[in-house]
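Enquirer: fold the stuff below for me.
(one chain, ligands or ions: 1)
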Amino acid sequence: MRKKVTLITGVSGEVGLALVKNLAELGNKDLLTLDIRPQPAEYNQYSFHIQGDILDKSLLNRLISEYEIETIFHMAALLSTRAEFTPVAAHQVNVEGTMGLLQLATEQSEWRGEPVMFIFPSSIAAYGMPDLETKSRFSRVREWEWNYPITMYGCNKLYCEMLGTYFSRNYRQLAAESPQMLDFRCVRFPGLISAFTVPSGGTSDYGPEMLHAAAKDEPYSAFVRPDTQIPFMAMPDAVNALLLLSQAPKNALSRTVYNVTSYSLTANQFREQVLKAFSGAKIDFKPDLKRQRIVDSWPADLNDNDARRDWGWKPEYDVERSFDEYLIPNIRNRYQG
Ligand code: AKB
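Expert: Residues are numbered from 1 along each chain as shown. Below you'll find the model as predicted:
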């Protein structure tokens, strides 16, 4: 008999670490984690970790020979800025890695006669606003609007949303007998902010970087203009969104891809929030035109009405609560003891 598990890929990334801890604290004992990097030692109490590459087919085959995977949280990805430097590698990890896991989940669904649940984090990078005038006119975008990403990462995310939807709705549609399809569910996240990890390789990173630099008493130059506006979310809400979506009854879901968001801030408003807590922080703006162009193509805000209606999504952390109760105390504690 194979052991039933929940598989979490990319566990050593920001969302992965927070997710595995939460899943374990909710009583999930059979967690299997996979990442190209080792898992931080303190997380070994939560899951059985395998260090390996999601592109390694023989590793995936070995996994399914030992484990019956019931749910996959597929967090592994190369983020937007990093992906622009290595677009081919980004395509391999973000698309081919996802495709391999979708195939694995599909085969497992057929084998079990029951769908494997596949939870996929997408991003505001799936959008592409053509110019700032359009960005300000259509500020709270719906899932199907402005799907014209300008980055490799955004293209990868949008395509994988479509692949997941295909495998969960239309796979082998011409076959004589309908196959058992997987249960694909996806959220499009805004920029995420964690008190415990500093992001790396993203383009929304100027927000969290500002905050972590201020707590360390280091000067920081944000790589965007002060008026740059995108939506953000504190990490506990991001984890909560993944958990809520995974717990929703299938018949309540009217879409496979849902926007979720908490609040929208300009870079200058972000700076002001940081200054409220660290009044001596030295933060200025030195826009990098190339990264600026990427953030300008992302929407100023997201319309997440469908997630609210279908599966009861509601952020618990608005701007004040994010900064006052989660970010500032934990970051202070982290750097200043
Ligand atoms: C990035 O900046 O690439 C990510 C994202 C918005 O998905 N944080």
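
Enquirer: need phi/psi at the residue nearest the centre of the chain.
Expert: The residue lying closest to the centre of the chain (Cα atoms, centre = their mean) is Pro121, at 4.1 Å. Reported as degrees, to the nearest 10, the phi and psi values for Pro121 are phi -90, psi 120.

Enquirer: in this structure it contacts Val239, no?
Expert: No - the criterion here is Cβ atoms under 8 Å, and Pro121 misses it with Val239 at 10.5 Å. To be clear about C-beta, it is placed using only N, CA and C from the backbone, and glycine gets the same treatment.

Enquirer: where do the contact lists of those two overlap?
Expert: Val15 (Cβ atoms under 8 Å, 6 or more residues apart in numbering).

Enquirer: thinking again about what came up before, what sits opposite the residue nearest to the centre of the chain in the beta ladder?
Expert: Val187 (DSSP bridges).

Enquirer: so what touches stretch 84-97?
Expert: The contact list for stretch 84-97 (Cβ under 8 Å, 6+ apart) reads 9, 54-55, 76-78, 82-83, 151-153, 156-157, 159-160, 290, 294.

Enquirer: of the residues you listed, which belong to helices?
Expert: With DSSP state H as the criterion, helices contain 82-83, 152-153, 156-157, 159-160, 290, 294 from among those.

Enquirer: dump those to TSV, plus neighbour count.
Expert: Converted to TSV, the ones in helices among the contacts of stretch 84-97 look like this (neighbours: other Cβ atoms under 10 Å):
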residue	neighbour count
Arg82	18
Ala83	27
Met152	23
Tyr153	27
Asn156	29
Lys157	30
Tyr159	17
Cys160	24
Lys290	11
Ile294	23
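
Enquirer: out of the residues you listed, which comes closest to Leu60?
Expert: Sorting the ones in helices among the contacts of stretch 84-97 by distance to Leu60 puts Cys160 at the head of the list, at 16.7 Å, by Cβ to Cβ.

Enquirer: what number of residues are in the vicinity of the closest residue to the closest one other than its chain neighbours?
Expert: Take Cys160 and drop its neighbours on the chain: the residue closest to it by Cβ to Cβ, 6 or more residues apart in numbering is Thr98, 4.5 Å away. Burial of Thr98 is recorded as 24 neighbouring residues (other Cβ atoms under 10 Å).

Enquirer: how near is Thr98 to the ligand?
Expert: In this structure, Thr98 and the ligand are 15 Å apart, going by Cβ to the nearest ligand atom, to the nearest Å.

Enquirer: buried sites along the helix or strand in which that residue is found?
Expert: For Thr98, the element it lies in under DSSP states H and E is helix 97-112. By neighbour count, and taking 16 or more other Cβ atoms under 10 Å as the criterion, the buried residues in helix 97-112 are 97-98, 101-106, 108-110.
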